[in-house]
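> Following is a predicted model, sequence given first.
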Amino acid sequence: MEWADAQVWGSVLALPKAHNDTRMRECLHHVHLVQWAYLHIWRDEPINLPDVSSFEDLRAMHAWGREYYSQALAYLDSLEAGTLERRVQFPWAEQMVGRFGSAESATLAETILQIALHTTYHRGQVNTRLRELGGEPPLTDFIAWIWMGKPNAEWEDHAE
């Protein structure tokens, strides 16, 4: 997931039209907002996350998104055996009851999978927007990552 996000960010930052695109900013913000929200829930911390308007530009949002990975990986590395079965309660569960009729708790393992799936879904939207803006979306398929030898994420600064 980190490798794929880094690939997409590289393409976004390299495309000047993307820097002023509201849809791009909102979608990227949403991806990382959800990632950070889940990490705060996993760590039993209050959720206090920045609004999209608080980022001066895409580079600032990129830095925020990138930082998620070091903190999330440190958290995951700290887990003890059996922790993945711990039930996770969401602060927005009551809203889901109103929408779906119930909101069962999920295991930590299930919520980790949810973050990967959610990020993949919205990464596809970002890639579609890249193409609409005249850019070339990177190949971010999981199998491509395997075929390439599972490379580490390359978070470039993409300075102007």
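In hand now; what should we look at?

> Would you mark the buried spots in stretch 5-24?
Residues of stretch 5-24 classed as buried: 5-13, 15, 18, 21, 24 (neighbour count, 16 or more other CB atoms under 10 Å). In short, each C-beta sits where N, CA and C put it, glycine included.

> same question but for stretch 77-93, I mixed them up
88, 90.

> How about stretch 102-113?
Buried residues in stretch 102-113, counted by 16+ other CB under 10 Å: 103, 106, 108, 111-112.

> Serialize those to CSV and add fields for distance to His118.
Formatted as CSV, these follow (distance: CB to CB, whole Å):
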residue, distance to His118
Ala103, 17
Ala106, 13
Leu108, 15
Thr111, 10
Ile112, 11
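
> Filter these down to the ones in helices?
Filtering the buried residues of stretch 102-113 for membership in helices, criterion DSSP state H, returns 108, 111-112.

> Need the three-state assignment for Ala153.
Reducing the assignment to helix, strand or coil with DSSP: H, G, I helix; E, B strand; the rest coil, the entry for Ala153 is coil.

> go on, the one 3 residues further on?
For Glu156, the secondary structure call by three-state DSSP comes out as coil.

> pLDDT of stretch 125-142, averaged?
Mean pLDDT, stretch 125-142: 97.

> And that stretch, how far out from the chain middle?
When C-alpha coordinates are averaged (CA atoms, centre = their mean, to the nearest Å), stretch 125-142 and its chain have centres 16 Å apart.
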